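A.B. asks: build the 3D model from these lines:
(4 chains)
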Protein chains: 2
Amino acid sequence: MRLAELSTRSGVSVATIKYYLREGLLPQGRQINATTSEYDEEHLRRLRLVRAMIQIGRVPVATVREVLGHVDDDSLGRTIRLGAALWALPQVPEPDEDDEYVRAAHREVGALLDRLGWQHAQQLTSISPAYRSLVVALAAFRRLGFDWGAEQLAPYAELMHRTAVLDLDNMEAYPSDAEQVEFAILGAILNEPALQALHRLAQEEESARRYGFE
Amino acid sequence: MRLAELSTRSGVSVATIKYYLREGLLPQGRQINATTSEYDEEHLRRLRLVRAMIQIGRVPVATVREVLGHVDDDSLGRTIRLGAALWALPQVPEPDEDDEYVRAAHREVGALLDRLGWQHAQQLTSISPAYRSLVVALAAFRRLGFDWGAEQLAPYAELMHRTAVLDLDNMEAYPSDAEQVEFAILGAILNEPALQALHRLAQEEESARRYGFE
DNA sequence: CTTCTCGGATACCGGCACTATCCAATCATT
DNA sequence: AATGATTGGATAGTGCCGGTATCCGAGAAG
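C.D. replies: Numbers count the residues shown, from 1 in each chain, chains lettered A, B, ... in the order given. Alright, predicted model coming up:
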């Protein structure tokens, strides 16, 4: 398969594919001679993955490169590779540790993990990007004067834990490590918007049930 | 309160506040004379809301303007105002209806709503942005060859419905319509990243429980 | 009276995801 | 063999977006 065919089959313009090649999101094709390279199904698949990450997951190009680097790194075990790839994803501003709301949010999240008995997560405190995202969001809530903390979040956390159990069960259904890692990345990137969409649909449904279409 | 004070109390630069005023994200202050305007606590609160939407929710400036327009529109009832504001939020590409994966995803989502008995959501088919997001995400999954459809999504949808019930219960705890609407918007914008963070933390926790830190 | 600060208008900036153009080598067709 | 299209590679340019910087003349503060 040559560039033009890769382009038509993926629906991505030649110029954009060249851009991705330059940026290292897509491995070079097998060079046949000075002016021709050959691409295979694996390139097509990777290209679709990249597109999904960028368009649906709104992941920045630089982050896609980083994530794929981890996915392709055979020197690490599955768990580490997965963790590294997922930790590269988030795009949250760093919390300002001098802010009193941020410090309060830290305490609040600590209390939440305590209450939930998430012992492992507690060890990840202040390292995990997810932890920091939570702190930032919580601080913003409090800054706006809403009473929102461990108590309100606990039932949500319980539901999210059950969601995570589903995630891992689904992942384990795939036979090979490579497929599991790829599925997990996709889960984080595509399933997350899907979940969000389900969440909003559920809100619309529940809202309609309670209040009708007034 | 004058511009400079609004700036220091919010931590937002004067230049940026001027930009928000220009863009209509923040109402003009009360004009005292040709060179002075007076801002109040409401401006500060609105400014913090705008910042949270932009920085934490990554909502584009134009969308913030649209959402706030709905929030401030007193001519509509609470339910409609809320729906309008929430529907303005998403930033998903339009599904390409000619694509076979997209058509398959449509059928799959229809089957899902059927199975769940979400009757109201079914009426919103192809209008609701959330519905379209779901279709797009599902189509991307299938295009990549993953077996992912109504069957896999149903348990997630169930959990998301319970999340939505929590959302509305929390919203109803606020006494006035205005507060309820604002809380709901914030819920969609700040609670969603918080939920996502909880989800990832839960994944880390569950993953550590299953596989340790290998 | 002088210096500061105000609000308002306008121009500019840097990052990002592409997109367009050019080039010489080579392929496909006549 | 001639010719026109296509290839990969390099480089420059585009459009959008969120924000900055600069300038201005009117008024406030000391």
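A.B. asks: contacts, neighbours, all on C-alpha from now
C.D. replies: Fine.
A.B. asks: domains of chain A?
C.D. replies: Here the domain parsing of chain A from automatic domain parsing is A:3-86, A:93-211.
A.B. asks: so of these, which one's packed in deepest?
C.D. replies: Per residue and on average, the most neighbours among the domains of chain A fall to domain A:93-211, with a mean of 19 (mean count of other C-alpha atoms under 10 Å in any protein chain shown).
A.B. asks: one step back: quick one, which of the domains of chain A is nearest to DNA strand D?
C.D. replies: Proximity to DNA strand D (C-alpha to the nearest atom of the strand) singles out domain A:3-86 among those, at 3.8 Å.
A.B. asks: identify the residues contacting the host helix or strand of A:Ala84?
C.D. replies: When elements are assigned from DSSP states H and E, A:Ala84 belongs to helix A:78-88. Residues outside helix A:78-88 that contact it (C-alpha atoms under 8 Å, 6 or more residues apart in numbering or on different chains): A:63, A:66-68, A:70-71, A:73, A:128-129, A:177, A:181, A:184-185, A:188, B:211, B:213-214.
A.B. asks: what are the ranges of the helices in chain A?
C.D. replies: A:3-10, A:14-23, A:41-51, A:61-72, A:78-88, A:100-116, A:119-124, A:129-143, A:150-172, A:177-186, A:192-211 (DSSP state H).
A.B. asks: adding distance to B:Arg162 and mean pLDDT, write the ones you listed out as CSV.
C.D. replies: What follows is these, written out as CSV (distance: least, C-alpha to C-alpha, whole Å; pLDDT from 0 to 100):
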stretch, distance to B:Arg162, mean pLDDT
helix A:3-10, 38, 90
helix A:14-23, 41, 93
helix A:41-51, 31, 91
helix A:61-72, 32, 89
helix A:78-88, 26, 79
helix A:100-116, 18, 92
helix A:119-124, 24, 79
helix A:129-143, 20, 90
helix A:150-172, 8, 94
helix A:177-186, 24, 82
helix A:192-211, 8, 90
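A.B. asks: same list (these) but as a markdown table, adding distance to B:Leu116.
C.D. replies: Below are the helices of chain A laid out as a markdown table (distance: least, C-alpha to C-alpha, whole Å):
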| stretch | distance to B:Leu116 |
| --- | --- |
| helix A:3-10 | 34 |
| helix A:14-23 | 40 |
| helix A:41-51 | 30 |
| helix A:61-72 | 35 |
| helix A:78-88 | 31 |
| helix A:100-116 | 29 |
| helix A:119-124 | 33 |
| helix A:129-143 | 30 |
| helix A:150-172 | 17 |
| helix A:177-186 | 25 |
| helix A:192-211 | 10 |
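A.B. asks: among those helices, which is nearest B:Gln203?
C.D. replies: Comparison of the helices of chain A against B:Gln203 by C-alpha to C-alpha identifies helix A:150-172 as nearest, at 4.9 Å.
A.B. asks: wait, does that closest one make contact with chain B?
C.D. replies: Yes - Helix A:150-172 lies within reach of chain B by C-alpha under 8 Å from any C-alpha of the partner chain, at A:156-157, A:159-168.
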